[in-house]
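K.L.:
mind folding the following:
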Amino acid sequence: MGTRPWIVDDELWVLIEPLLPPRPERSPGPRPVSDRLCLQGILFVLYNDMAWQLLPPELGFGSGQTCWRRLDRWQKAGVFDRLHRVLLAELNAAGELDWSRACVDCSRIRAKKGGTDTGPSPVDRRETGSKHHLICDGRGTPLQVITTAANVNDVNQTLALVDGVPPAAGRPDWPRRRPEALLGGKGYDSNAHRDELRRRRILPVISRALRSLSSRRSPRTSTAAPPTCWPTISAPAIPCTPRRGSTRPPPPTWPCCPSSERSASSPGSRRPGLSRQASGGLVPPRP
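P.N.:
Below you'll find the predicted structure:
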């Protein structure tokens, strides 16, 4: 590809030229720009993400309006769909397609002027936009692309993407169009679609989405039994041994702990005559 990926080399042009429709009858005016130069102009605009009217005329690709009209005519004639099948067959014959797994994902774009396959985006303040759904093989080669409105759920296009993969020829066996496994994010979480993928002999590897909090039991309303070591009567959380002459009630009983273990681990097992303050030091008791 080199440093200029919009340049169409001779090897690629041999595959593209037979797919182009014949030129219409010549009308009065200047000589039309060749199809190869127009294709390079189209790739230049798409690669640099620029407006059609900003295509530099000194490149020799024609004007942006000419390239756009040629692109529209080729798209309506199905040139790019047939070119996609030819390129997939070439890659499959060379062993460059990874059918062990495939991945589905989508991206959102704005469509300020509206048009077909547009709708309010739920994540962009209901701005008009579209969504591109894509499935690719294990090496990132696109297998199928679907354009929908921005408010269409991702999971609804899972089976459409899988069934829309064109058969990739190029090998002596039957043309292949099914991956062994399908990877997807939480937006494609659906048990019904998992079952449909298994019927197509495809292993679904899709992340599970978190359910709503209302479907889970709240810890405050839990009916689990309390621990057996809770005190049987209402008492301070930390039992202590009362001083001499104190009217404090005795410490609570612990059903699961013997009295010897409780006395060894309780704060009352400290040396007599000393008390612990908040600062952590041991000071003698007040007279």
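
K.L.:
pLDDT below threshold where in this protein?
P.N.:
Within the chain, the stretches with pLDDT under 70 are 1-2, 26-29, 211-287.

K.L.:
what residues are up against the residue sitting nearest the centre point of it?
P.N.:
By C-alpha atoms, centre = their mean, the chain has its centre lying nearest to Gly185, at 4.4 Å. Neighbour list for Gly185: 105, 154, 206-207 [criterion: C-beta atoms under 8 Å, 6 or more residues apart in numbering]. Any C-beta I mention is one placed from the backbone N, CA and C, and that applies to glycine too.

K.L.:
any idea how far it is from Arg208?
P.N.:
Separation of Gly185 from Arg208 (C-beta to C-beta, to the nearest Å) stands at 10 Å.

K.L.:
filter the contacts of Gly185 down to the buried ones, ChimeraX style.
P.N.:
One line in ChimeraX is enough to select the buried members of those, burial here meaning 16 or more other C-beta atoms under 10 Å:
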select :105,154,206
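
K.L.:
next, the nearest residue to Ala77 once chain neighbours are set aside: phi, psi?
P.N.:
Closest residue to Ala77 apart from its sequence neighbours, by C-beta to C-beta, 6 or more residues apart in numbering: Pro21 at 4.6 Å. Main-chain torsions, Pro21, degrees, to the nearest 10: phi -70, psi 160.

K.L.:
could you do Cys136 as well?
P.N.:
Per-residue torsions, Cys136: phi -130, psi 160 (degrees, to the nearest 10).

K.L.:
pretty sure it sits against Asp98.
P.N.:
No. Cys136 is beyond contact range of Asp98, at 9.5 Å (criterion: C-beta atoms under 8 Å).

K.L.:
so what touches stretch 86-102?
P.N.:
Stretch 86-102 has contacts (C-beta under 8 Å, 6+ apart) with 15, 19, 135-139, 141, 143, 162, 166, 168-171, 176, 178-183, 205.

K.L.:
return that stretch as PDB; C-alpha atoms alone will do.
P.N.:
Output of stretch 86-102 as PDB, limited to C-alpha atoms (Å, rounded to 0.1, in the frame of the first residue of the first chain):
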ATOM      1  CA  VAL A  86     -13.800 -10.900  -5.300                       C
ATOM      2  CA  LEU A  87     -11.500  -9.700  -2.600                       C
ATOM      3  CA  LEU A  88     -12.800 -12.200   0.000                       C
ATOM      4  CA  ALA A  89     -12.200 -15.000  -2.500                       C
ATOM      5  CA  GLU A  90      -8.600 -13.800  -3.100                       C
ATOM      6  CA  LEU A  91      -8.000 -13.700   0.700                       C
ATOM      7  CA  ASN A  92      -9.600 -17.000   1.300                       C
ATOM      8  CA  ALA A  93      -7.500 -18.700  -1.400                       C
ATOM      9  CA  ALA A  94      -4.300 -17.200   0.100                       C
ATOM     10  CA  GLY A  95      -5.400 -18.400   3.600                       C
ATOM     11  CA  GLU A  96      -5.600 -14.900   5.000                       C
ATOM     12  CA  LEU A  97      -9.100 -15.300   6.500                       C
ATOM     13  CA  ASP A  98      -9.400 -16.500  10.100                       C
ATOM     14  CA  TRP A  99     -12.700 -18.500  10.300                       C
ATOM     15  CA  SER A 100     -12.000 -19.700  13.900                       C
ATOM     16  CA  ARG A 101     -13.700 -16.700  15.300                       C
ATOM     17  CA  ALA A 102     -15.600 -13.600  14.200                       C
END
